[in-house]
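Chemist: structure for this input, please:
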Amino acid sequence: MRAWFRLIVFIVAMVLVGCGKKGKIYVLHADIDGKDAVLNYPNITNNYGSEKELNIYCDSLDGLKRINRVVIGFNFKSLPEDIEIDSLFLQLYFNDVSGLYKIKGKGHTGNTGLIVENIVEQWEEDVITWAKYPRVEDNKLYYETDKDIHRDYRINLTELLVDEAGNLKHTHGVLLRLQEEENGNYIHFNSREHHNNNNLPKLKVYAKK
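Modeler: This is a model prediction of the structure:
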């Protein structure tokens, strides 16, 4: 009996120790602490910083090849200066009411893998365009998904944005584009201006302590 009691006490103690080691989670909401915009080709001088949809796609529409890429940034100044980061996750939510569903089927279609790149220069949501393409670092993150056409994306940005010491690298957000910019590949997310306030882009920051 005493052996069982000691075992239970030991297990409870280990659980408590483990809980004590867990760090704080910070959530940066794009509608409060962030910005996003669409970059479009061939409309390279148009600004799309107030779009309600973040559609990442490639297709031929009206006889022209069109490509959409997306930039997203967060205000990291709201994090503690001495934070030691364990991991970073970008949460993007599927847009179930995209205007593009008038010309295509509902949901993500085609090859929905993404390339994610670290933006290393300042950009403004209401100014950025394809012609004013932001500078990105050479390292790229390749994100693969399953075939769920209504899927939300939870992208682990740790390797891209956090160094080995747990410090945030120099960053002004991320750029997202299709791995294969070929006709028929579409991904549909809500932007920070979307009417569904519960499903807007956010960044979850997990601190080590």
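Chemist: so which residues of this protein form helices?
Modeler: 2-21, 30-33, 158-161 (DSSP state H).
Chemist: pick out the shakiest of those, pLDDT-wise.
Modeler: Least confident of those, judged by mean pLDDT, is helix 2-21 with a mean of 39.
Chemist: residues in a beta bridge with the residue most central in space within the chain, which ones?
Modeler: In the chain, the centroid-proximal residue (C-alpha atoms, centre = their mean) is L90; its distance is 3.6 Å. Under DSSP bridges, the beta-bridge partners of L90 are I155, L203.
Chemist: so who does it touch?
Modeler: I72, V116, Y153, R154, I155, L157, V174, P201, K202, L203 (C-beta atoms under 8 Å, 6 or more residues apart in numbering). For glycine as for every other residue, the C-beta is placed from the backbone atoms N, C-alpha and C.
Chemist: can you get me a residue count around the first one?
Modeler: Going back to what we said before, that points to I72. Residues lying near I72 (other C-beta atoms under 10 Å) number 24.
Chemist: flag every buried residue along the top strand by length along the chain.
Modeler: When the chain is parsed with DSSP state E, its longest strand is strand 64-74. Across strand 64-74, burial judged by 16 or more other C-beta atoms under 10 Å covers I67, N68, R69, V70, V71, I72, G73, F74.
Chemist: then stretch 183-199?
Modeler: N185, Y186, I187, H188, F189, N190, S191, R192, E193, H194, N199.
Chemist: and stretch 24-31, by the same measure?
Modeler: Y26, L28, H29, A30.
Chemist: cool, and stretch 45-61?
Modeler: N47, Y48, G49, E51, E53, L54, N55, I56, Y57, C58, D59.
Chemist: quick one: which two of the contacts of L90 are the most distant?
Modeler: Pairwise distances across the contacts of L90 peak at 15.6 Å for V116 and K202 (criterion: C-beta to C-beta).
Chemist: that older thread, could you redo the buried residues of stretch 24-31 as CSV and give each row distance to E180?
Modeler: Below are those laid out as CSV (distance: C-beta to C-beta, whole Å):
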residue, distance to E180
Y26, 34
L28, 30
H29, 31
A30, 26
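Chemist: keep only those of those that are in strands.
Modeler: Short answer: the buried residues of stretch 24-31 in strands (DSSP E) are Y26, L28, H29.
Chemist: dump those to JSON lines, plus pLDDT and distance to P134.
Modeler: Output for those, formatted as JSON lines (pLDDT from 0 to 100; distance: C-beta to C-beta, whole Å):
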{"residue": "Y26", "pLDDT": "96", "distance to P134": "24"}
{"residue": "L28", "pLDDT": "97", "distance to P134": "19"}
{"residue": "H29", "pLDDT": "96", "distance to P134": "22"}
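Chemist: tell me the one of those nearest G105?
Modeler: H29 (30.5 Å).
Chemist: might you report the residue contacts of the closest residue to that closest one other than its chain neighbours?
Modeler: Counting by C-beta to C-beta, 6 or more residues apart in numbering, H29 lies nearest to K202, which is 5.1 Å off, once chain neighbours are set aside. Contact partners of K202, counting by C-beta under 8 Å, 6+ apart, are V27, L28, H29, A30, L90, Q91.
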